[in-house]
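A.B. asks: Sequence isn't available, so here's the structure alone:
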């Protein structure tokens, strides 16, 4: 499985969604934060690919311009 910046994933440790904000393909390390973002932001933390629970991932919802 390959993850990309902006993908939303679930971790094996809980059922919340997380957004991938950084990728280190060379070391299979990823930086993620809770999604959706809290009003005052969410801390970013590092995970390994083995901590990802869902094989399928998706991009977070985007706001429509001029809607």
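C.D. replies: All right, it came through fine. Everything numeric here is computed off the predicted structure, so don't read it as measured data.
A.B. asks: Please name the nearest non-neighbouring residue to the residue sitting nearest the centre point of the chain.
C.D. replies: Residue closest to the average C-alpha location in the chain (CA atoms, centre = their mean): residue 19, at 2.3 Å. Nearest residue to residue 19, sequence neighbours excluded (CB to CB, 6 or more residues apart in numbering): residue 35, at 4.2 Å. The C-beta positions use only the backbone N, C-alpha and C, and glycine is treated the same way.
A.B. asks: Give me the pLDDT value at the residue nearest to the centre of the chain.
C.D. replies: Looking at residue 19, its pLDDT is 96.
A.B. asks: try residue 28
C.D. replies: At residue 28, the model reports a pLDDT of 89.
A.B. asks: now do residue 58
C.D. replies: pLDDT at residue 58 comes out at 56.
A.B. asks: try the one 5 residues further on
C.D. replies: In the predicted model, residue 63 carries a pLDDT score of 50.
A.B. asks: Over to residue 2?
C.D. replies: 84.
A.B. asks: contacting residues around it?
C.D. replies: By CB atoms under 8 Å, 6 or more residues apart in numbering, the contact set of residue 2 is residue 25.
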